[in-house]
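> I would like to see how this sequence folds:
(chains A and B)
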Amino acid sequence: MSKLTFNRKQNAANAFRCLGLALVALAVNSWCAAQQTPLISGGVGFFTSTNGGNTTYLPIMEPLAAMPIGKHFLLESRAALLESFAPTFGSKAGYNHTHFIGLTYLQGDLIVNSHVTVVGGDYLIPFNTYNERLSPIWIGNFQDGPLIAPLGVFSSGSGVGGMVRGNAIRRNSYSIDYAYFYSTRSGKEQFQASRGNGGRASLYVPDKRLEVGLSYDRLLQGTHENFYGAHVWWEPKDAGFRLRSEYARGHHAQGYWIEADYRTQSLGGLESFWGRIEPLFRMQQTFRRDNVVSDGLPAVNTQRADFGLNYNLPHNTRILTSYSRQFSSTRNTNIWETGVVYRFLFPAWKGRQ
Amino acid sequence: MTYYQRLLQASAVTVLLTALVSSAQQEKQGKASQHDAHSTASTYAKASNQAQQEDGDKVFQQHCSRCHTAPDGFSPRISGTVAMHMRVRASLSEREMQALLRFLNP
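Residues are numbered from 1 along each chain as shown, chains lettered A, B, ... in the order given. This next block holds a predicted model:
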(Lines give C-alpha, C1' and ligand atoms only; values in the text may rest on other atoms or scores of the structure.)
Protein backbone atom coordinates (compact mmCIF):
# COMPACT_ATOMS: atom_id res chain seq x y z
CA MET A 1 0.00 0.00 0.00
CA SER A 2 1.51 3.32 -1.01
CA LYS A 3 2.00 6.13 1.48
CA LEU A 4 -0.39 8.34 -0.48
CA THR A 5 -3.15 5.75 -0.37
CA PHE A 6 -2.57 5.23 3.33
CA ASN A 7 -2.77 8.97 4.02
CA ARG A 8 -5.97 9.25 2.02
CA LYS A 9 -7.55 6.41 3.93
CA GLN A 10 -6.38 7.95 7.20
CA ASN A 11 -7.86 11.30 6.20
CA ALA A 12 -11.13 9.65 5.28
CA ALA A 13 -11.19 7.75 8.55
CA ASN A 14 -10.46 10.95 10.48
CA ALA A 15 -13.21 12.80 8.64
CA PHE A 16 -15.77 10.10 9.46
CA ARG A 17 -14.56 9.98 13.07
CA CYS A 18 -14.98 13.74 13.41
CA LEU A 19 -18.40 13.55 11.81
CA GLY A 20 -19.44 10.78 14.17
CA LEU A 21 -18.25 12.67 17.23
CA ALA A 22 -19.95 15.86 16.06
CA LEU A 23 -23.20 14.02 15.46
CA VAL A 24 -23.14 12.37 18.87
CA ALA A 25 -22.22 15.59 20.67
CA LEU A 26 -24.84 17.66 18.92
CA ALA A 27 -27.50 15.00 19.22
CA VAL A 28 -27.80 15.59 22.93
CA ASN A 29 -29.18 19.06 22.28
CA SER A 30 -31.92 17.83 20.03
CA TRP A 31 -33.26 15.38 22.60
CA CYS A 32 -35.69 17.94 23.93
CA ALA A 33 -38.23 17.92 21.09
CA ALA A 34 -40.41 14.81 20.80
CA GLN A 35 -40.84 14.90 17.01
CA GLN A 36 -37.30 16.02 16.29
CA THR A 37 -35.38 12.83 16.85
CA PRO A 38 -32.42 12.72 14.45
CA LEU A 39 -33.09 10.52 11.46
CA ILE A 40 -31.17 8.21 9.22
CA SER A 41 -32.47 7.91 5.71
CA GLY A 42 -31.13 7.08 2.29
CA GLY A 43 -31.07 4.30 -0.21
CA VAL A 44 -29.36 1.02 -0.80
CA GLY A 45 -29.24 -0.47 -4.26
CA PHE A 46 -27.73 -2.94 -6.64
CA PHE A 47 -27.22 -1.89 -10.24
CA THR A 48 -25.99 -3.57 -13.39
CA SER A 49 -25.01 -1.77 -16.55
CA THR A 50 -24.15 -3.40 -19.88
CA ASN A 51 -22.43 -0.92 -22.15
CA GLY A 52 -21.20 -2.14 -25.51
CA GLY A 53 -21.37 -5.73 -24.30
CA ASN A 54 -19.43 -5.21 -21.04
CA THR A 55 -21.37 -5.57 -17.83
CA THR A 56 -20.47 -3.80 -14.59
CA TYR A 57 -22.06 -4.48 -11.21
CA LEU A 58 -22.50 -1.78 -8.62
CA PRO A 59 -23.73 -2.38 -5.09
CA ILE A 60 -24.20 1.03 -3.51
CA MET A 61 -25.43 2.61 -0.32
CA GLU A 62 -26.22 6.29 0.19
CA PRO A 63 -27.04 7.02 3.83
CA LEU A 64 -28.31 10.42 4.88
CA ALA A 65 -28.36 11.77 8.42
CA ALA A 66 -30.32 14.82 9.58
CA MET A 67 -30.20 16.22 13.07
CA PRO A 68 -32.13 19.27 14.25
CA ILE A 69 -30.64 21.35 17.01
CA GLY A 70 -33.41 23.50 18.39
CA LYS A 71 -35.99 24.98 16.05
CA HIS A 72 -33.68 26.88 13.77
CA PHE A 73 -30.64 24.75 13.10
CA LEU A 74 -30.32 21.54 11.14
CA LEU A 75 -27.18 19.50 10.60
CA GLU A 76 -27.35 17.14 7.65
CA SER A 77 -25.03 14.93 5.67
CA ARG A 78 -25.07 12.34 2.93
CA ALA A 79 -22.40 9.81 2.02
CA ALA A 80 -21.84 7.25 -0.71
CA LEU A 81 -20.37 3.79 -0.24
CA LEU A 82 -19.97 1.68 -3.32
CA GLU A 83 -18.05 -1.20 -4.82
CA SER A 84 -17.74 -1.40 -8.59
CA PHE A 85 -17.09 -4.71 -10.36
CA ALA A 86 -15.94 -4.20 -13.96
CA PRO A 87 -14.58 -6.66 -16.54
CA THR A 88 -10.84 -6.70 -17.28
CA PHE A 89 -9.32 -7.63 -20.60
CA GLY A 90 -6.05 -9.01 -21.92
CA SER A 91 -4.12 -11.86 -20.36
CA LYS A 92 -5.90 -11.52 -17.01
CA ALA A 93 -9.47 -11.54 -18.28
CA GLY A 94 -12.01 -11.54 -15.49
CA TYR A 95 -13.42 -8.96 -13.11
CA ASN A 96 -11.70 -6.25 -11.13
CA HIS A 97 -13.28 -4.29 -8.35
CA THR A 98 -12.77 -0.85 -6.91
CA HIS A 99 -14.44 0.80 -3.97
CA PHE A 100 -15.29 4.31 -2.97
CA ILE A 101 -16.38 5.82 0.31
CA GLY A 102 -16.98 9.52 0.50
CA LEU A 103 -19.10 12.31 1.87
CA THR A 104 -21.46 13.78 -0.68
CA TYR A 105 -22.17 16.76 1.55
CA LEU A 106 -22.02 17.84 5.18
CA GLN A 107 -23.76 21.07 5.96
CA GLY A 108 -25.35 23.10 8.71
CA ASP A 109 -28.56 25.02 7.98
CA LEU A 110 -29.52 28.06 10.02
CA ILE A 111 -33.17 28.89 9.35
CA VAL A 112 -33.44 32.62 10.00
CA ASN A 113 -36.97 33.03 8.64
CA SER A 114 -39.04 31.90 5.65
CA HIS A 115 -37.00 34.11 3.33
CA VAL A 116 -33.48 33.36 4.51
CA THR A 117 -31.67 30.15 5.37
CA VAL A 118 -27.92 30.35 5.82
CA VAL A 119 -26.04 27.19 4.87
CA GLY A 120 -22.44 26.54 5.82
CA GLY A 121 -20.07 23.65 5.26
CA ASP A 122 -19.77 21.28 2.33
CA TYR A 123 -22.99 21.65 0.32
CA LEU A 124 -24.34 20.54 -3.05
CA ILE A 125 -23.95 23.29 -5.63
CA PRO A 126 -27.37 24.73 -6.54
CA PHE A 127 -26.94 24.74 -10.31
CA ASN A 128 -30.00 23.62 -12.26
CA THR A 129 -31.92 20.79 -10.58
CA TYR A 130 -30.24 17.43 -11.00
CA ASN A 131 -27.35 17.86 -8.57
CA GLU A 132 -29.44 18.92 -5.59
CA ARG A 133 -32.79 17.31 -6.21
CA LEU A 134 -32.53 14.23 -8.40
CA SER A 135 -29.10 12.76 -7.72
CA PRO A 136 -30.01 10.54 -4.71
CA ILE A 137 -30.40 6.94 -5.88
CA TRP A 138 -33.83 6.66 -4.25
CA ILE A 139 -35.13 9.64 -6.24
CA GLY A 140 -33.62 9.46 -9.74
CA ASN A 141 -35.72 7.67 -12.34
CA PHE A 142 -32.72 6.49 -14.31
CA GLN A 143 -29.66 4.80 -12.91
CA ASP A 144 -27.43 7.17 -14.92
CA GLY A 145 -27.42 10.89 -14.44
CA PRO A 146 -27.84 13.08 -17.51
CA LEU A 147 -24.81 13.65 -19.75
CA ILE A 148 -24.72 17.37 -18.91
CA ALA A 149 -24.76 16.76 -15.13
CA PRO A 150 -21.05 17.74 -14.73
CA LEU A 151 -21.63 21.23 -16.17
CA GLY A 152 -21.80 24.02 -13.60
CA VAL A 153 -21.03 21.91 -10.54
CA PHE A 154 -17.24 22.39 -10.53
CA SER A 155 -16.27 18.71 -11.01
CA SER A 156 -16.90 17.60 -7.43
CA GLY A 157 -20.59 18.58 -7.33
CA SER A 158 -20.15 20.34 -4.02
CA GLY A 159 -18.77 23.59 -2.71
CA VAL A 160 -17.12 24.41 0.59
CA GLY A 161 -18.16 27.73 2.06
CA GLY A 162 -21.52 29.38 2.47
CA MET A 163 -24.86 29.67 0.78
CA VAL A 164 -27.96 31.80 1.32
CA ARG A 165 -31.28 30.46 0.11
CA GLY A 166 -35.00 30.81 0.64
CA ASN A 167 -38.11 32.19 -0.97
CA ALA A 168 -37.91 35.76 -2.17
CA ILE A 169 -41.64 36.08 -2.82
CA ARG A 170 -44.41 33.70 -1.77
CA ARG A 171 -47.95 34.33 -3.01
CA ASN A 172 -50.86 31.95 -3.47
CA SER A 173 -50.51 32.09 -7.23
CA TYR A 174 -46.72 32.01 -7.55
CA SER A 175 -43.46 31.94 -5.65
CA ILE A 176 -39.87 32.81 -6.42
CA ASP A 177 -37.06 30.90 -4.73
CA TYR A 178 -33.39 31.79 -4.81
CA ALA A 179 -30.00 30.38 -3.80
CA TYR A 180 -26.63 32.12 -3.86
CA PHE A 181 -23.37 30.43 -2.91
CA TYR A 182 -19.70 31.18 -2.57
CA SER A 183 -17.25 28.32 -2.47
CA THR A 184 -13.62 28.38 -1.55
CA ARG A 185 -10.94 26.07 -2.93
CA SER A 186 -10.42 22.91 -0.91
CA GLY A 187 -8.12 19.98 -1.52
CA LYS A 188 -9.12 17.94 1.53
CA GLU A 189 -9.84 14.32 0.71
CA GLN A 190 -13.50 14.39 1.75
CA PHE A 191 -14.14 18.03 0.95
CA GLN A 192 -12.89 18.59 -2.60
CA ALA A 193 -14.11 21.92 -3.92
CA SER A 194 -13.23 24.68 -6.35
CA ARG A 195 -13.35 28.41 -5.81
CA GLY A 196 -16.38 29.95 -7.42
CA ASN A 197 -19.73 31.57 -6.89
CA GLY A 198 -23.15 31.66 -8.43
CA GLY A 199 -26.77 30.86 -7.82
CA ARG A 200 -30.19 29.95 -9.04
CA ALA A 201 -33.59 31.62 -9.16
CA SER A 202 -36.79 29.77 -9.93
CA LEU A 203 -40.41 30.68 -10.41
CA TYR A 204 -43.11 28.22 -9.37
CA VAL A 205 -46.78 28.45 -10.34
CA PRO A 206 -48.64 26.02 -8.06
CA ASP A 207 -51.95 26.00 -9.95
CA LYS A 208 -50.22 24.93 -13.15
CA ARG A 209 -47.57 22.93 -11.29
CA LEU A 210 -45.02 24.66 -13.48
CA GLU A 211 -41.48 25.53 -12.42
CA VAL A 212 -39.05 27.59 -14.48
CA GLY A 213 -35.56 28.46 -13.31
CA LEU A 214 -32.29 30.04 -14.34
CA SER A 215 -28.83 29.25 -12.96
CA TYR A 216 -25.46 30.88 -13.31
CA ASP A 217 -22.09 30.27 -11.73
CA ARG A 218 -18.49 31.20 -12.35
CA LEU A 219 -15.32 29.30 -11.63
CA LEU A 220 -12.82 31.61 -9.95
CA GLN A 221 -9.67 29.54 -10.29
CA GLY A 222 -7.59 28.47 -13.27
CA THR A 223 -9.43 29.50 -16.40
CA HIS A 224 -12.36 31.50 -15.12
CA GLU A 225 -15.30 29.82 -16.82
CA ASN A 226 -18.95 30.82 -16.80
CA PHE A 227 -21.78 28.31 -16.69
CA TYR A 228 -25.38 29.07 -17.59
CA GLY A 229 -28.36 26.85 -16.92
CA ALA A 230 -32.11 26.76 -17.30
CA HIS A 231 -34.74 24.28 -16.24
CA VAL A 232 -38.44 23.72 -16.83
CA TRP A 233 -40.53 21.23 -14.84
CA TRP A 234 -44.19 20.59 -15.46
CA GLU A 235 -46.12 18.16 -13.30
CA PRO A 236 -49.88 18.53 -13.97
CA LYS A 237 -52.03 18.02 -10.89
CA ASP A 238 -53.40 14.50 -10.32
CA ALA A 239 -52.24 13.38 -13.76
CA GLY A 240 -49.41 11.04 -12.78
CA PHE A 241 -47.36 12.68 -15.52
CA ARG A 242 -44.12 14.59 -15.05
CA LEU A 243 -42.02 16.45 -17.55
CA ARG A 244 -38.60 17.67 -16.49
CA SER A 245 -35.91 19.32 -18.55
CA GLU A 246 -32.62 21.12 -18.21
CA TYR A 247 -30.26 23.05 -20.41
CA ALA A 248 -26.67 23.87 -19.47
CA ARG A 249 -23.95 25.76 -21.27
CA GLY A 250 -20.31 25.77 -20.26
CA HIS A 251 -17.15 27.26 -21.73
CA HIS A 252 -16.37 24.18 -23.84
CA ALA A 253 -19.68 22.36 -24.26
CA GLN A 254 -23.43 22.60 -23.90
CA GLY A 255 -26.40 20.28 -23.88
CA TYR A 256 -29.88 19.49 -22.67
CA TRP A 257 -32.10 16.67 -21.46
CA ILE A 258 -35.86 16.20 -21.42
CA GLU A 259 -37.43 13.46 -19.31
CA ALA A 260 -41.04 12.33 -19.12
CA ASP A 261 -42.57 9.72 -16.85
CA TYR A 262 -46.10 8.53 -16.28
CA ARG A 263 -48.02 6.44 -13.77
CA THR A 264 -51.62 5.70 -14.56
CA GLN A 265 -54.30 6.33 -11.94
CA SER A 266 -57.19 5.10 -14.04
CA LEU A 267 -56.67 1.39 -13.39
CA GLY A 268 -57.14 1.24 -9.63
CA GLY A 269 -54.94 4.16 -8.56
CA LEU A 270 -51.22 4.58 -8.04
CA GLU A 271 -51.03 1.70 -5.55
CA SER A 272 -52.57 -0.85 -7.89
CA PHE A 273 -50.51 -3.29 -9.97
CA TRP A 274 -50.86 -1.13 -13.08
CA GLY A 275 -50.41 2.13 -11.17
CA ARG A 276 -47.04 1.01 -9.92
CA ILE A 277 -45.66 0.64 -13.44
CA GLU A 278 -43.76 3.74 -14.55
CA PRO A 279 -42.69 4.07 -18.18
CA LEU A 280 -40.01 6.69 -18.82
CA PHE A 281 -38.38 8.44 -21.69
CA ARG A 282 -35.40 10.76 -21.73
CA MET A 283 -33.82 12.49 -24.68
CA GLN A 284 -30.45 14.18 -24.35
CA GLN A 285 -27.88 15.83 -26.55
CA THR A 286 -24.47 17.36 -25.94
CA PHE A 287 -22.56 19.67 -28.26
CA ARG A 288 -18.86 20.48 -28.14
CA ARG A 289 -18.00 24.15 -28.49
CA ASP A 290 -14.26 23.47 -28.82
CA ASN A 291 -11.82 20.59 -28.50
CA VAL A 292 -10.93 21.15 -24.84
CA VAL A 293 -12.39 18.19 -22.99
CA SER A 294 -12.13 19.22 -19.35
CA ASP A 295 -15.74 19.25 -18.25
CA GLY A 296 -16.74 15.59 -18.07
CA LEU A 297 -18.98 15.69 -21.14
CA PRO A 298 -18.42 13.36 -24.12
CA ALA A 299 -15.48 14.32 -26.33
CA VAL A 300 -17.67 14.57 -29.44
CA ASN A 301 -21.26 15.62 -30.10
CA THR A 302 -23.52 12.95 -28.69
CA GLN A 303 -27.22 12.09 -28.87
CA ARG A 304 -28.85 9.63 -26.56
CA ALA A 305 -32.35 8.25 -26.13
CA ASP A 306 -33.21 6.45 -22.87
CA PHE A 307 -36.27 4.22 -22.59
CA GLY A 308 -37.07 3.11 -19.07
CA LEU A 309 -39.62 0.97 -17.31
CA ASN A 310 -39.67 1.19 -13.52
CA TYR A 311 -41.82 -0.68 -11.07
CA ASN A 312 -42.64 0.87 -7.69
CA LEU A 313 -42.98 -2.00 -5.26
CA PRO A 314 -44.59 -1.54 -1.82
CA HIS A 315 -42.33 -0.79 1.15
CA ASN A 316 -40.18 1.84 -0.56
CA THR A 317 -38.60 -0.43 -3.13
CA ARG A 318 -38.17 0.34 -6.82
CA ILE A 319 -37.03 -1.73 -9.74
CA LEU A 320 -35.33 0.34 -12.43
CA THR A 321 -34.76 -0.92 -15.95
CA SER A 322 -33.73 0.98 -19.04
CA TYR A 323 -32.38 0.66 -22.53
CA SER A 324 -30.39 3.49 -24.10
CA ARG A 325 -29.10 4.03 -27.56
CA GLN A 326 -26.22 6.48 -27.80
CA PHE A 327 -25.12 7.99 -31.10
CA SER A 328 -21.84 9.78 -31.67
CA SER A 329 -19.31 10.16 -34.48
CA THR A 330 -16.87 7.83 -32.70
CA ARG A 331 -19.23 4.97 -31.99
CA ASN A 332 -22.87 4.06 -31.45
CA THR A 333 -23.60 1.95 -28.38
CA ASN A 334 -26.43 0.16 -26.64
CA ILE A 335 -26.67 0.53 -22.87
CA TRP A 336 -28.83 -1.85 -20.85
CA GLU A 337 -29.34 -1.08 -17.18
CA THR A 338 -31.19 -2.79 -14.38
CA GLY A 339 -31.30 -2.10 -10.68
CA VAL A 340 -33.23 -2.37 -7.47
CA VAL A 341 -33.30 0.38 -4.86
CA TYR A 342 -34.65 0.30 -1.33
CA ARG A 343 -35.29 3.56 0.49
CA PHE A 344 -35.00 3.56 4.26
CA LEU A 345 -36.08 6.15 6.81
CA PHE A 346 -35.99 5.65 10.57
CA PRO A 347 -35.05 7.42 13.80
CA ALA A 348 -31.36 7.40 14.70
CA TRP A 349 -32.35 6.19 18.16
CA LYS A 350 -35.43 5.67 20.26
CA GLY A 351 -35.89 9.27 21.43
CA ARG A 352 -38.87 10.51 23.28
CA GLN A 353 -42.49 9.49 22.49
CA MET B 1 -106.37 7.61 58.76
CA THR B 2 -108.83 10.24 57.70
CA TYR B 3 -109.88 10.95 54.16
CA TYR B 4 -107.90 14.22 54.13
CA GLN B 5 -104.79 12.50 55.42
CA ARG B 6 -105.05 9.88 52.64
CA LEU B 7 -105.56 12.64 50.09
CA LEU B 8 -102.51 14.49 51.44
CA GLN B 9 -100.38 11.33 51.28
CA ALA B 10 -101.52 10.59 47.74
CA SER B 11 -100.74 14.16 46.74
CA ALA B 12 -97.28 13.94 48.32
CA VAL B 13 -96.52 10.65 46.50
CA THR B 14 -97.77 12.16 43.26
CA VAL B 15 -95.62 15.26 43.69
CA LEU B 16 -92.63 13.09 44.59
CA LEU B 17 -93.12 10.85 41.58
CA THR B 18 -93.63 13.87 39.35
CA ALA B 19 -90.45 15.40 40.74
CA LEU B 20 -88.54 12.16 40.15
CA VAL B 21 -89.84 11.78 36.62
CA SER B 22 -89.16 15.42 35.91
CA SER B 23 -85.66 15.11 37.33
CA ALA B 24 -85.01 12.02 35.22
CA GLN B 25 -86.27 13.79 32.13
CA GLN B 26 -84.15 16.84 32.85
CA GLU B 27 -81.10 14.62 33.32
CA LYS B 28 -81.86 12.89 30.04
CA GLN B 29 -82.32 16.22 28.29
CA GLY B 30 -79.11 17.51 29.88
CA LYS B 31 -77.22 14.49 28.65
CA ALA B 32 -78.76 14.89 25.23
CA SER B 33 -77.83 18.58 25.04
CA GLN B 34 -74.35 17.77 26.43
CA HIS B 35 -74.05 15.09 23.74
CA ASP B 36 -75.19 17.61 21.15
CA ALA B 37 -72.59 20.10 22.38
CA HIS B 38 -69.88 17.41 22.30
CA SER B 39 -71.05 16.34 18.89
CA THR B 40 -70.91 19.91 17.58
CA ALA B 41 -67.44 20.43 19.04
CA SER B 42 -66.34 17.12 17.59
CA THR B 43 -67.70 18.05 14.17
CA TYR B 44 -65.86 21.37 14.30
CA ALA B 45 -62.67 19.61 15.42
CA LYS B 46 -63.02 17.04 12.65
CA ALA B 47 -63.65 19.76 10.08
CA SER B 48 -60.68 21.72 11.38
CA ASN B 49 -58.45 18.63 11.32
CA GLN B 50 -59.62 17.83 7.82
CA ALA B 51 -58.83 21.38 6.69
CA GLN B 52 -55.39 21.14 8.27
CA GLN B 53 -54.82 17.77 6.63
CA GLU B 54 -55.84 19.18 3.27
CA ASP B 55 -53.51 22.13 3.82
CA GLY B 56 -50.64 19.76 4.65
CA ASP B 57 -51.50 17.53 1.70
CA LYS B 58 -51.37 20.58 -0.55
CA VAL B 59 -47.92 21.52 0.80
CA PHE B 60 -46.72 17.96 0.26
CA GLN B 61 -48.09 17.79 -3.29
CA GLN B 62 -46.76 21.19 -4.29
CA HIS B 63 -43.34 21.03 -2.70
CA CYS B 64 -42.20 17.55 -1.63
CA SER B 65 -43.63 15.38 -4.39
CA ARG B 66 -42.18 17.61 -7.08
CA CYS B 67 -39.02 15.54 -6.60
CA HIS B 68 -40.00 12.34 -4.82
CA THR B 69 -42.91 10.20 -3.74
CA ALA B 70 -43.97 9.87 -0.13
CA PRO B 71 -42.21 7.18 1.88
CA ASP B 72 -44.49 4.29 2.85
CA GLY B 73 -44.46 5.20 6.50
CA PHE B 74 -42.14 6.32 9.26
CA SER B 75 -41.99 6.91 12.96
CA PRO B 76 -43.84 10.03 14.22
CA ARG B 77 -40.73 10.75 16.29
CA ILE B 78 -38.91 11.96 13.18
CA SER B 79 -41.76 13.84 11.52
CA GLY B 80 -40.42 17.15 12.86
CA THR B 81 -36.96 16.41 11.47
CA VAL B 82 -38.42 15.46 8.08
CA ALA B 83 -40.49 18.67 8.00
CA MET B 84 -37.43 20.74 8.95
CA HIS B 85 -35.34 19.07 6.25
CA MET B 86 -38.06 19.86 3.71
CA ARG B 87 -38.25 23.43 5.00
CA VAL B 88 -34.62 23.94 3.96
CA ARG B 89 -34.86 21.99 0.69
CA ALA B 90 -38.13 23.50 -0.53
CA SER B 91 -37.88 26.92 1.16
CA LEU B 92 -41.06 26.39 3.15
CA SER B 93 -42.45 29.04 5.45
CA GLU B 94 -43.09 28.32 9.13
CA ARG B 95 -46.83 27.96 8.45
CA GLU B 96 -46.22 25.51 5.59
CA MET B 97 -43.82 23.52 7.73
CA GLN B 98 -46.42 23.26 10.49
CA ALA B 99 -49.07 22.17 7.96
CA LEU B 100 -46.67 19.56 6.60
CA LEU B 101 -45.91 18.40 10.12
CA ARG B 102 -49.63 17.89 10.84
CA PHE B 103 -49.98 16.06 7.52
CA LEU B 104 -47.08 13.76 8.32
CA ASN B 105 -48.13 13.27 11.92
CA PRO B 106 -51.96 13.53 12.07
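> wasn't residue B:101 part of a strand?
No: assessed with DSSP: H, G, I helix; E, B strand; the rest coil, residue B:101 is helix; it does not lie in a strand.
> any idea how far the nearest residue to it once chain neighbours are set aside lies from residue B:90?
Spatial nearest neighbour of residue B:101, chain neighbours left out: residue B:83 (4.4 Å); criterion: Cβ to Cβ, 6 or more residues apart in numbering or on different chains. Using the backbone N, CA and C atoms, a C-beta is placed for each residue, glycine as well. Going from residue B:83 to residue B:90 by Cβ to Cβ, to the nearest Å gives 10 Å.
> ok, the residue nearest to residue B:101 - contacts?
Contact analysis of residue B:83 by Cβ atoms under 8 Å, 6 or more residues apart in numbering or on different chains lists B:92, B:97-98, B:100-101, B:104.
> by pLDDT, give me the weakest of those residues.
Lowest pLDDT among these: residue B:104, with 86.
> dihedrals phi and psi, the residue lying closest to that residue once chain neighbours are set aside?
Distances taken as Cβ to Cβ, 6+ apart put residue B:79 closest to residue B:104, at 4.3 Å, once the chain neighbours are dropped. Dihedral pair for residue B:79: phi -60, psi -40, per degrees, to the nearest 10.
> wait, residue B:79 sits on residue B:102?
No: with contact defined as Cβ atoms under 8 Å, residue B:79 does not reach residue B:102; the gap is 9.2 Å.
> and these two? which has more neighbours close in?
residue B:79 (22 against 18; other Cβ atoms under 10 Å in any protein chain shown).
> in contact with that one, which residues?
A:35, B:101, B:104-105.
> farthest-separated two in those?
The span of the contacts of residue B:79, defined through Cβ to Cβ, is set by A:35 and B:104 at 8.9 Å.
> for these two, list the residues in contact with both.
The contact lists of residue A:35 and residue B:104 share B:76, B:79, where a contact means Cβ under 8 Å, 6+ apart.
> just for chain B, where's the confidence low?
B:1-49 (pLDDT under 70).
> check the gap between the residue nearest to residue B:101 and residue B:100 for me.
Counting by Cβ to Cβ, the gap from residue B:83 to residue B:100 is 5 Å.
> which residue ranges form the helices in chain B?
B:3-59, B:79-89, B:94-104 (DSSP state H).
> host element of the closest residue to residue A:118 other than its chain neighbours?
Of all residues not flanking residue A:118 in the chain, residue A:110 sits nearest, at 4.4 Å (Cβ to Cβ, 6+ apart). If you go by DSSP states H and E, residue A:110 is part of strand A:94-111.
> can you pull out the helices in chain A?
According to DSSP H, the helices that chain A contains are A:3-27.
> what parts of chain B come near chain A?
Counting by Cβ under 8 Å from any Cβ of the partner chain, the residues of chain B close to chain A are B:61-62, B:66-69, B:71-72, B:74-82, B:84-85, B:87-89, B:91-94, B:101, B:105.
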